[in-house]
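need the 3D shape of this:
(one chain, ligands or ions: 2)
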Amino acid sequence: MEIDRRAFIATLGGTAAVSLMDSEAKAEALEHYMEEQLDEQAAAAQGQAPQNPTVAELEAQIETRNYRRGVGNLFVGGQGGKVKRLEPMPKKPTLQDFFRLRFQPANHVLQSATRAMKTGMTEEVILACLLHDVVQSMIKVDHGWWGAQMFEPYIPEKSTFAIRYHAALRFFPDSDAGYEYPDLYYRIFGQDYQPPEYIAATYKMVRNHKWYMEPRLVTVNDLYAFDPNAKVSIEPFTDIIGRHFKSPKEGLGNDNSPSAHMWRTLANPDAPL
Ligand SMILES: [Fe+2]
Ligand SMILES: [Fe+2]
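Ligands and ions are numbered 1, 2, ... in the order given. Presented below is the predicted three-dimensional model:
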């Protein structure tokens with residue numbers, strides 16, 4: 001198989017990231033890359049273009065549901081089923097407690113952060129990857145902004161920036177950085193979807209920002225973090241959390257920070273008012 005060296009290096013986060021990898025990690029990454037290329041070629045050879053809905057078709061589905069698509073995972077039963085009773089949070093909950101009891105399954109973010117770590121990205125980016133989507137337990141609409149706001153009091157500014165803007169950057173490919181528009185989005189948003197004006201304007205601003213690569217790298221890792229069989233855990237990130245996450249001594253939700261109410265909402269999603 002022909003390997004596009006430039007594209008491959010870009011998927012790993014560029015030459016700087018590659019230089020930090022040991023030879024075993026490089027070999028593994030190459031194998032993974034080739035497998036993906038092979039899958040793509042096989043799908044193309046079969047000529048099976050997946051049927052993607054249009055924006056109008058997706059809109060027509062709105063009234064077929066008893067929930068809205070932007071609702072947080074904790075607030076709606078899986079596949080139209082009933083919600084489950086939640087285990088109460090400890091008195092002084094930590095980030096790890098929220099991962100265990102409210103963000104489950106956090107598989108996607110753990111895969112994403114694992115890849116960031118393996119490819120030698122900075123600790124700020126690894127942390128951002130670890131946290132980038134967990135607010136979707138509470139709300140999915142504009143999850144970049146919601147997530148950034150929730151974590152802002154506790155994490156480095158660069159990580160907040162990465163979380164806030166990854167969601168806007170998702171819609172704009174950057175092949176030099178190794179990010180292509182995900183096929184999945186044709187299905188989720190519709191084949192003729194155009195991001196709203198505020199997303200396009202945000203992208204433009206971030207594209208020219210000195211921290212552009214922080215959210216961009218979150219989107220790069222995002223592409224490779226949907227393996228249903230991946231075995232991941234939060235353990236490898238304990239040190240990074242310890243170094244960069246300012247855990248309040250009162251526990252998350254009890255510290256009167258500007259986002260404490262969000263943590264309480266996640267802790268008590270059954271509160272009626
Ligand atoms: Fe996201
Ligand atoms: Fe994601």
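
from now on I want contacts and neighbour counts done on CA atoms only, so please keep to that.
Noted.

next, count neighbours for K158.
17 (other CA atoms under 10 Å).

how about the nearest residue to it, chain neighbours excluded?
E124 (6.3 Å; CA to CA, 6 or more residues apart in numbering).

next one: the particular helix or strand that has the one you found in it to chain centre, how far?
For E124, the host element (DSSP states H and E) is helix 123-131. How far helix 123-131 lies from its chain's middle: 10 Å, per CA atoms, centre = their mean, to the nearest Å.

ok, now stretch 165-175?
Mean C-alpha position of stretch 165-175 versus that of the full chain (CA atoms, centre = their mean) differs by 12 Å.

what residues does that stretch touch?
Residues outside stretch 165-175 that contact it (CA atoms under 8 Å, 6 or more residues apart in numbering): 7, 10, 132, 142-145, 179-181, 195, 199-200, 202-203, 206, 215-216, 218-219.

follow-up on the earlier one: just checking, what packs against the helix holding E124?
helix 107-118, helix 157-169, helix 213-222, helix 238-244 (3 or more CA pairs under 8 Å, 6 or more residues apart in numbering; DSSP states H and E).

quick check: which of those is buried the most?
Neighbour counts (mean count of other CA atoms under 10 Å) averaged over each of the helices and strands packed on helix 123-131 peak at helix 213-222, with a mean of 26.

okay, it in CSV with CA atoms only?
This file holds the C-alpha atoms of helix 213-222, laid out as CSV (Å, rounded to 0.1, in the frame of the first residue of the first chain):
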residue,chain,number,x,y,z
MET,A,213,-3.5,24.2,17.5
GLU,A,214,-4.9,23.5,21.0
PRO,A,215,-8.5,23.0,19.9
ARG,A,216,-7.4,21.7,16.5
LEU,A,217,-5.5,18.9,18.2
VAL,A,218,-8.6,18.0,20.2
THR,A,219,-10.5,17.6,16.9
VAL,A,220,-7.6,15.5,15.5
ASN,A,221,-7.8,13.0,18.4
ASP,A,222,-11.6,13.1,18.2
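
and the angle from it to helix 157-169?
60 degrees (axes from the mean of the first three to the mean of the last three CA atoms, to 10 degrees).

who are the packing partners of helix 213-222?
For helix 213-222, the elements it packs on are helix 107-118, helix 123-131, helix 157-169, judged by 3+ CA pairs under 8 Å, 6+ apart.

what residue ranges in the stretch 1-150 of the chain score low on pLDDT?
Scanning the stretch 1-150 of the chain for pLDDT under 70 picks out 1-50, 80.

please redo it, this time with the cut-off set to 50
For the stretch 1-150 of the chain, not a single residue meets the criterion pLDDT under 50.

got the domain ranges for this protein?
By the record's domain assignment, the chain is partitioned as 5-80, 95-267 (automatic domain parsing).

got the end-to-end distance for stretch 219-228?
Taking CA to CA, to the nearest Å, the first and last residues of stretch 219-228 lie 18 Å apart.

dump the helices and strands packed on helix 213-222 into JSON lines; add distance to Q149 as well.
Converted to JSON lines, those look like this (distance: least, CA to CA, whole Å):
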{"stretch": "helix 107-118", "distance to Q149": "18"}
{"stretch": "helix 123-131", "distance to Q149": "12"}
{"stretch": "helix 157-169", "distance to Q149": "8"}
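
of all those, which lies closest to N268?
When these are compared by CA to CA, helix 123-131 sits nearest N268, at 19.9 Å.

and V71, its phi and psi?
Backbone torsions of V71, given as degrees, to the nearest 10, read phi -70, psi 150.

report pLDDT for A271.
At A271, the model reports a pLDDT of 97.
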